[in-house]
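Chemist: Here is a sequence with its predicted model. Questions after.
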Amino acid sequence: MLQLQYIKEHREECISRLKIKNVKDLEARVDEILAIDAERRALQVKADAVKADQNRIAKEIGALMKEGRRDEAEDRKAESGKLKAESEELASRQAEAEQALNEKLLSLPNAPHPSVPEGRSAEDNVVVAQHDVKINLPENALPHWELCQKYDIIDFELGNKITGAGFPVYKGKGARLQRALINFFLNEAAEAGYQEIMPPLMVNEASGLGTGQLPDKEGQMYAIPLDGFYMIPTAEVPITNLYRGEIVDARRFPIRHVGYSECFRREAGSYGKDVRGLNRLHEFSKVEIVVIEHPDRSYDTLEEMKHHVGSLLEKLGLPYHVLKLCGGDMSFTSAMTFDFEVWSAAQQRWLEVSSVSNFETFQANRMKLRFKDEAGKPQLCHTLNGSALALPRIVAAILENNQTPDGILMPQCLVPYLGFDRID
RNA sequence: GGAGAGAUGGCAGAGUGGUCGAUUGCGGCGGUCUUGAAAACCGUUGGCCUGCGAGGGUCCGGGGGUUCGAAUCCCUCUCUCUCCGCCA
């Protein structure tokens, strides 16, 4: 969530930044927050004064009792009793104001960086980079779901049987390809300085709140109500929450992590050709990079992360472009996001395989993730993350783009991990 | 799943109704000494809210209660540890 202090001190700037995200009733919501905060502070000043009186009297009673002046102590007790009622009343009003303030703040999205383009939908995203690769498709090129069947490497029907739609079963060379990609991505990230984490695949509610999945995207996660857990939609959740509530040593910046996990998403409301084959799944594998960074350096780090993601796609020999998301297409939590899309030649469409974002202090504020600045004062860190990479659509593009009459050729960089160079 | 013990500051560990935001040790930071370092010695060392400031308030796992007053007493939840059972 946004920092209250920022909203207070930069109301105009805050509103103009949020406008880009097409927030409804924006000014009214911001002003309501400011009003509730003012009320809350006024209540606290009053409550503190009453409390101070109570504390003083309680000490006096202690002293009087020690000296054996019981009558005077009893007078004091009566006095304190009156204050108690007043103090309880003030405290409960203050708690109400605090809760209201918190709810309002929690429901306000992150303010986009001033350079984020305006726009309503994905149509308005801006292509900022393009990397072409020549593709020679055979005459009778097949979409990946037919290739999966032809070579018996990914079985969607079997997944339906044992779980349901969107839970494919990888077989033989298809399974081996998954494992190879995961290892390739993890090794590349390790070489780039990211420490590997293998996180739990279920998290508690506090973690969901920390990274912003809760409360507003609750319906997107699979829940385990009996134990109060959620299946993670991305490794971002457990890895970023590793630092929840911490005051980290500024000398550790940037804190770079990479982790592979299965990701679980309900994807309620999805349908049609978008969900065909590997295009959209309920469970998929992803390698994620997460960085905790000093606010002054976070946008440089975002560039480094983009560079890392781009280098992976280039090694895999996939054509891709990079989109800078417009305000209307950005996530609730992000201040700036770049999407990487690969060209899937047989489907003739772009598939999103990575999303790299800077959240600035939005997540850090929710999870109280801080560092000490030069003056020794705690400040919020910036958090960033990006897919590096999500497997299914990478697999779809590899299968489609590299198909030949003699089988599907594997990218050279994967051969050492695979132990074969083609699927046939 | 059954039985028991526990949760205090970065860590360890005192504190069982009043002057305790909390003894002490370690660690951290600053200094003295030293060519430098170590050792030794001295000092210092939490977060949050509020206030221009002085200051005030708050926090001893979470929530609730008793009391003029709670780290300390009561209830409850969560978590951790030990033993038994089960198990990869």
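Modeler: Arrived safely, thanks for sending. Owing to the predicted nature of the structure, the values given are computational and were not obtained by experimental measurement.
Chemist: near RNA strand B, which residues of chain A?
Modeler: Chain A has residues A:4, A:37, A:41, A:44-45, A:47-49, A:51-52, A:54-59, A:61-62, A:65-66, A:77, A:80-81, A:84, A:247, A:370, A:376, A:378 near RNA strand B, with proximity defined as CB under 7 Å from any atom of the strand. The way it works is simple: take the backbone N, C-alpha and C, and place the C-beta from them, glycine included.
Chemist: Return the members of the residues you listed classed as buried.
Modeler: A:4, A:37, A:44, A:47, A:54, A:57, A:61, A:80, A:370 (16 or more other CB atoms under 10 Å).
Chemist: for stretch A:241-252, what is the average pLDDT?
Modeler: Average pLDDT, stretch A:241-252: 87.
Chemist: no, scratch that, I was asking about stretch A:61-68
Modeler: For stretch A:61-68, mean pLDDT rounds to 82.
Chemist: which residues touch residue A:106?
Modeler: A:1, A:215, A:366 (CB atoms under 8 Å, 6 or more residues apart in numbering).
Chemist: Okay, and which of these map to helices?
Modeler: Using DSSP state H, residue A:366 are the members of the contacts of residue A:106 that sit in helices.
Chemist: which of the contacts of residue A:106 has the most neighbours?
Modeler: In terms of neighbour count, residue A:366 stands highest of the contacts of residue A:106 at 22 neighbours, by other CB atoms under 10 Å.
Chemist: Quick check: the gap between that one and residue A:331.
Modeler: Look at residue A:366 and residue A:331: by CB to CB, to the nearest Å, they are 14 Å apart.
Chemist: Next: residue A:111.
Modeler: Taken as CB to CB, the span from residue A:111 to residue A:331 is 13 Å.
Chemist: what's whatever residue of the stretch 251-400 of chain A ends up closest to RNA strand B sitting at in phi/psi?
Modeler: As assessed by CB to the nearest atom of the strand, RNA strand B sits closest to residue A:378 within the stretch 251-400 of chain A, at 3.7 Å. Dihedral pair for residue A:378: phi -70, psi 130, per degrees, to the nearest 10.
Chemist: try residue A:170
Modeler: phi -90, psi 130.
Chemist: Without its sequence neighbours, what residue ends up closest to residue A:349?
Modeler: Distances taken as CB to CB, 6 or more residues apart in numbering place residue A:343 nearest to residue A:349, at 7.9 Å, with adjacent residues excluded.
Chemist: Distance-wise, check the nearest residue to residue A:194 once chain neighbours are set aside relative to residue A:327.
Modeler: Nearest in space to residue A:194, with sequence neighbours left out and distances taken as CB to CB, 6+ apart, is residue A:258 at 3.8 Å. Using CB to CB, we find residue A:258 at a distance of 29 Å from residue A:327.
Chemist: So for these two, which sits in the more crowded spot?
Modeler: More neighbours surround residue A:258 than the other of residue A:258 and residue A:327, with 25 against 22 (other CB under 10 Å).
Chemist: check contacts around the more buried one.
Modeler: For residue A:258, the contacting residues are A:185-186, A:189-190, A:194-197, A:287-290, A:388, by CB under 8 Å, 6+ apart.
Chemist: please redo it, this time with the cut-off set to 6 Å
Modeler: When contacts are counted by CB atoms under 6 Å, 6 or more residues apart in numbering, residue A:258 touches A:189, A:194, A:196, A:289.
Chemist: A strand includes the third one, no?
Modeler: Yes: secondary structure of residue A:196, determined by DSSP: H, G, I helix; E, B strand; the rest coil: located in a strand.
Chemist: Among the residues of chain A next to RNA strand B, name the ones in strands.
Modeler: Among these, the ones falling in strands (DSSP state E) are A:247, A:370, A:378.
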